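Visitor: A predicted structure for the sequence below; I have some questions about it.
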Amino acid sequence: MSTNVEKTKKSLFAGKKEKASQKKPKPEKKVTKIPKEKAVKTKTPKKTSGRSGKSSKLFSIRNKIVVCFLVPIVFMIIIGISAYQKSAEGLSEKYTDSTLQTVRMTTEYLEMTCDFIRSEGLKYAYDDDLRKYFLGMFEDNPVDKLNFLTATKSNLLSVQTSNPFISHMHIIPKEGVGLLSTKLSSGVDGFLDEYKESVASGEGRRSIPQWIDSHPVLDEKVKETQQDYILSFQMMSQSNNACVVIDMKPLAITNFLKEIDIGDDSIIGFITPGGRELVVEQLEDGEESTLAEDENVFVDQEFYNEVMEQAVSDSGTAEVEFRGEKYLFIYSRSAEVDFTTCALVPMRVVTSQAMEIRNMTIGLVLLACVIVVIVGIFITAGIENNMKRISRKFGDVAQGDLTVTVSAKGHDEFQDLAGSATNMITNTKKLVNQVSNATGELEVSAQNVGQASELIHEYSQDITRAIGEINEGMEEQSRHAQECVEKTDVLSNEMQEVSRVVERVEKLVDETEGMINKGMEIVQVLGDRAGETTKMTAKVSDSIESLRKESAIINSFVGTITEITEQTNLLSLNASIEAARAGEAGRGFAVVAEEIRKLADDSAKAAGEISNNVANITAQTQNSVDNASQAQAMVELQTKAVDEVIAVFREMQARMGQLIEGLKDIAASTEKADGERSAAVAAVKNISDIIEETAGSAETVNDVANKLLEHVEKLSNTASVLDENMEGLKNEISVFKI
C-alpha cells in the first residue's frame, strides 16, 4: 500500500508541475462590472429577435429620425403661430393707433378749416363799412352805395374762390336792405328776423348757434339745396342788424376725405351735429361701391349709437359688426364745432400684414416638412441598409460563426461600427480559444482532484482498519488487566492464608511458585500487548501525519482550482462585456459567457467546500495526533507499570527460595507483602483506567476517520459534478466556428 501511495503522490506532483509549466502570465485586463442577467442554459445558441420577431415599424429608425426632424418643425409652427398672434396683435395695435391718429389729424384739419371760415365771418361781422350799410347810411349817396356793393361782392367772391371749403357766403340784413350773397347777384330783400327765428336756439330762442347743418329759409330765398353745403357758420354782426352765413362745400370735404388712405374697403365719414354725413368708400381700381346713394353708414346705426353713448373721450376705437363683417370703428369728435370724423376699417385689412406672415410661415413650414421627409428617407435608407447588413453578420455570429467580417457602405460612423464589430468578433474568437484552453486545463485539474480523492479514500480506509485493530488490542488488554486484578486478589488471599497458617506454607510453596510463574507469564503477555499497543499507536500517528500531508496536497489542488476559476470568471466577464457591446446580436454569446461564469462559480463553490472539508479533516487530524500522543504516553506508563510488576514477581520468586529457608521470616514479612499487594492492585487499576481512556481515544479517532471518509465521498461527488460541468462547457464551446 505504501508503494501505491508513493506512486500516486509522484504522479500528482508531476501533473502539478506540468500544469505550472503550461501556465501563461495573466494579462492585466480592466474588468467592468455588468448587471447579471438570468442565464438560460441551452446546448445551441439561438438567434434572438424582438418581441414579435421583427422590428416594430412604429419605432423604426426611419420614423425616429423623421420625428427628430419634425420636432424643430413643430417648434417652428408653434413659433410661427405665436409670432403671427403677437404680430397680429402688434400690427393691429399699431394700425389702430396710426389710423386713430390719422382720423384725429383729419378732425384737426377740418377744425382749422372751420377756424378760417370763422375768421372770415368775424371779419365781415365787425366790418365798419358793412355796419354803415346795414344802418342805411349809404342810402343818401347812391354812387358810394354802388361802389361799396361792388367792392363787397368782389371781396366775397375772392374769399369764396381762395378757400375751396367755402361753398357760398351770405350776409342777411333786415328788411329794406338788399341781401349780399355769392349765390345771387341781387334782387333779394333782407329777411334777418325770419332767418333768426328759423335757426334760433336756446332759451327764448334769442341766440343763434355758430355752426348749423341746415338753413331752409336761406335755401328757399337763394334757391339753394342741402347738397350745396354740409355745414354753415353763422354770426350776428356787431350791431345785430345783419347775420353773416358761410356755407362749407361738401365736395371739398369729400375730396379731402378721399385723399386719406386708411386701407382698401375702408369707409371714412364726416358727420355734422345734426346728423348729416358725408361718406367716402375707399375702393380698389375697377371695384364698385356696395353702398346705396342715400344710405347712412354711421348715423342711426346701432353700433354708432352705442359707441357714441358710451364714449368718455373725444376719440376712440371699437370692434363692431357692419353688414355681417367685422370692422374697426374709429371716431374723433370736434369739441369746438361738434362735428365727428368716423372711419370703418375691415379687420382683415388691419391684420393683412399678419396674414401675410402667417401664409409665408405656413408655406415655409410645408416646404421644410417636404425637405425633411426627403432628407429623412434618404438618410434612413442608408442607415437601414447598413443596419440590415450588419444585423445579418451578427446573426451569423449568433449562430456560432466567428469567421465572418462585418462591412458597411459609406464614409460615416457605420464604417467605425463595422470595424468595431469585426474587432469584437476577432476578440471573441480569441476569447473562445482561451476558454477552450482553460477548459482543458480545468478538465486535467478535475481528474487530478478525482485521483487525490481516491487516494484519500484509501488512506481513510487504512486509518479505519488501524483503529479497529487498536480497539481489539484495547479490549484484550482490558481483559488481561481484569485477570491481573483477579490474580492479585487471589495472591492477597493466599498471603493472608500464609499468615494464618504458616505451618502449611511449606506445603504450598510449590503451588505458590507455580502461581507466581503463571502470574509472570500473564504479566509478560501484558507487557507484550503494551508493546504492541505502542507500535499501533506509532502507526496511527504515522497514518495521521500522512493524512495531514495529503490534506496539504489537497489544499494546493484547491488553490489551483481557485486560480483557474478566477481566470475563467475573468474570461466570462470579458465575454459578457463584449456581448453587451454587441447589443442584441451578442445575446447568444452572452448566454455562453453566463454559462462559463456559472461554471466558474460552481467550481469556486466546490473548491470552497473542498477547502472547508480539508480544514475539518486537518482539525480532526490534529485532534487525533493529540489523542495518539496521549495514548502513547499512557501506554508508556502502562509498560513501565508492567515492568515494575515483572520485577516484583521476580523478586517474589527470589524470595520464595529464601522463604523455604526462613519460614519464620514469612510471618514478619506478611504485612509488607500485603502492602505491596495493595500497590500492585492500584497499579493494575491504573493500567485498566489507562486502557479505558485509550479505548475512548480510539473511538474518537474512529469517528474522525468516519467523518473523513464522508468528506472524501463528498469530494468525489464534487469531482464528478465538476467533470460533468466540464463536458457541458466543452459542448457549448464546440458550437463556435473559429
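Guide: Arrived safely. No experiment lies behind these values; they were computed from the predicted model shown.
Visitor: what comes up buried for the helix or strand hosting Ala252?
Guide: Following DSSP states H and E, one finds Ala252 within helix 250-258. Within helix 250-258, the residues scored as buried using 16 or more other Cβ atoms under 10 Å are 250, 252-253, 256-257. Any C-beta I mention is one placed from the backbone N, CA and C, and that applies to glycine too.
Visitor: and the contacts of the helix or strand following it?
Guide: Using DSSP H and E, the next helix or strand after helix 250-258 towards the C-terminus is strand 266-271. Outside strand 266-271, the residues that touch it by Cβ atoms under 8 Å, 6 or more residues apart in numbering are 103, 106, 110, 230, 253, 257, 260, 262, 277-282, 291, 297-299, 339-346, 349.
Visitor: relative orientation of strand 266-271 and helix 250-258 in degrees?
Guide: 140 degrees (axes from the mean of the first three to the mean of the last three Cα atoms, to 10 degrees).
Visitor: what about Lys326, neighbour count?
Guide: Using other Cβ atoms under 10 Å, Lys326 has 12 neighbouring residues.
Visitor: please report phi then psi for it.
Guide: Note on Lys326: backbone dihedrals following degrees, to the nearest 10 are phi -80, psi 130.
Visitor: quick one: contacts for it?
Guide: 319-320, 346-348.
Visitor: list the ones among those that fall in helices.
Guide: 347-348 (DSSP state H).
Visitor: now the two most distant members of the contacts of Lys326.
Guide: Greatest spacing in these, by Cβ to Cβ: Val320 and Arg348 (14.3 Å).
Visitor: which one's more surrounded, these two?
Guide: Val320 (18 against 14).
Visitor: ok, the more buried one touching Tyr331?
Guide: No: counting by Cβ atoms under 8 Å, Val320 does not reach Tyr331; the two are 10.7 Å apart.
Visitor: intersection of neighbour lists for the two?
Guide: Common neighbours of Val320 and Tyr331, counting by Cβ under 8 Å, 6+ apart, are Val307.
Visitor: show me how far the stretch of helix or strand Ala631 belongs to is from its chain's centre.
Guide: If you go by DSSP H and E, Ala631 is part of helix 587-661. A distance of 63 Å separates the centroid of the chain from that of helix 587-661, by Cα atoms, centre = their mean, to the nearest Å.
Visitor: now do stretch 377-393
Guide: Chain-centre distance of stretch 377-393: 28 Å, with Cα atoms, centre = their mean.
Visitor: quick check: domain ranges of the chain?
Guide: 126-253, 429-733 (automatic domain parsing).
Visitor: list the helices and strands the strand or helix carrying Leu573 packs on?
Guide: Taking DSSP H and E as the criterion, Leu573 maps to helix 505-582. In terms of contacts (3 or more Cβ pairs under 8 Å, 6 or more residues apart in numbering; DSSP states H and E), helix 505-582 is packed against helix 2-22, helix 413-500, helix 587-661, helix 663-733.
Visitor: any chance of those helices in JSON lines, plus mean neighbour count and mean pLDDT?
Guide: Below are those laid out as JSON lines (neighbours: other Cβ atoms under 10 Å; pLDDT from 0 to 100):
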{"stretch": "helix 2-22", "mean neighbour count": "12", "mean pLDDT": "44"}
{"stretch": "helix 413-500", "mean neighbour count": "18", "mean pLDDT": "74"}
{"stretch": "helix 587-661", "mean neighbour count": "18", "mean pLDDT": "77"}
{"stretch": "helix 663-733", "mean neighbour count": "17", "mean pLDDT": "71"}
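Visitor: which one of the ones you listed lies nearest to Ser313?
Guide: Closest among the helices and strands packed on helix 505-582, using Cβ to Cβ: helix 413-500, at 68.8 Å.
Visitor: check which helices and strands that closest one is in contact with.
Guide: By 3+ Cβ pairs under 8 Å, 6+ apart, helix 413-500 packs against helix 2-22, helix 352-398, helix 505-582, helix 587-661, helix 663-733.
Visitor: for Ser158, find the nearest of these.
Guide: Nearest of these to Ser158, taken as Cβ to Cβ: helix 352-398 at 46.5 Å.
Visitor: centre of the chain to that closest one, how far?
Guide: 27 Å.
Visitor: and the angle for it with helix 413-500?
Guide: 50 degrees.
Visitor: for helix 352-398, packing partners?
Guide: Against helix 352-398 (3+ Cβ pairs under 8 Å, 6+ apart) you get helix 61-125, helix 413-500, helix 587-661.
Visitor: so where's the stretch 301-450 of the chain uncertain?
Guide: Scanning the stretch 301-450 of the chain for pLDDT under 70 picks out the ranges 353-354, 410-412.
Visitor: residue boundaries of the strands in the stretch 201-350 of the chain?
Guide: Counting by DSSP state E, counting those that start in this stretch, the stretch 201-350 of the chain has these strands, from start to end: 211-212, 231-236, 242-248, 266-271, 277-282, 315-322, 325-333, 340-346.
Visitor: which of the helices and strands packed on helix 352-398 sits closest to Glu713?
Guide: Nearest of the helices and strands packed on helix 352-398 (Cβ to Cβ): helix 413-500, 7.6 Å.
Visitor: please compute how far the closest one lies from its chain's middle.
Guide: Put simply, helix 413-500 sits 56 Å off its chain's centre (Cα atoms, centre = their mean).
Visitor: ok, now stretch 539-559?
Guide: That offset, for stretch 539-559, works out to 57 Å (Cα atoms, centre = their mean).
Visitor: what residues does it touch?
Guide: Residues contacting stretch 539-559 (Cβ under 8 Å, 6+ apart): 5, 9, 12, 16, 445, 448-449, 452, 455-456, 459-460, 462-463, 466-467, 470, 607, 610-611, 614, 617-618, 621-622, 624-625, 628-629, 631-632, 701, 708, 715.
Visitor: now with 7 Å?
Guide: With Cβ atoms under 7 Å, 6 or more residues apart in numbering as the test, stretch 539-559 has contacts from 12, 448-449, 452, 455-456, 459, 462-463, 466, 470, 607, 610-611, 614, 617-618, 621, 624-625, 628, 701.
Visitor: and if you look at stretch 523-531?
Guide: Here stretch 523-531 makes contact (Cβ under 7 Å, 6+ apart) with 473, 476-477, 480, 484, 635, 638-639, 642-643, 645-646, 649.
Visitor: for that stretch, buried residues please.
Guide: Neighbour-count burial for stretch 523-531 [16+ other Cβ under 10 Å]: 523, 525-527, 529-530.
Visitor: specify which member of those is nearest to Thr182.
Guide: Ala530 (174.8 Å).
Visitor: chain neighbours aside, what residue packs nearest to the closest one?
Guide: Among residues not flanking Ala530 along the chain, Thr639 sits closest, at 4.5 Å (Cβ to Cβ, 6 or more residues apart in numbering).
Visitor: now Asp294: how far from Arg276?
Guide: Applying Cβ to Cβ, to the nearest Å, the value for Asp294 to Arg276 is 11 Å.
Visitor: who's more crowded, those two?
Guide: Higher neighbour count among Asp294 and Arg276: Arg276, with 18 against 5, using other Cβ under 10 Å.
Visitor: from memory Thr718 sits against Ser611, does it?
Guide: No: the pair Thr718 / Ser611 is not scored as a contact, 11.2 Å apart, by Cβ atoms under 7 Å.
Visitor: quick one: contacts for Val704?
Guide: Counted by Cβ under 7 Å, 6+ apart, Val704 has contacts 620, 623-624.
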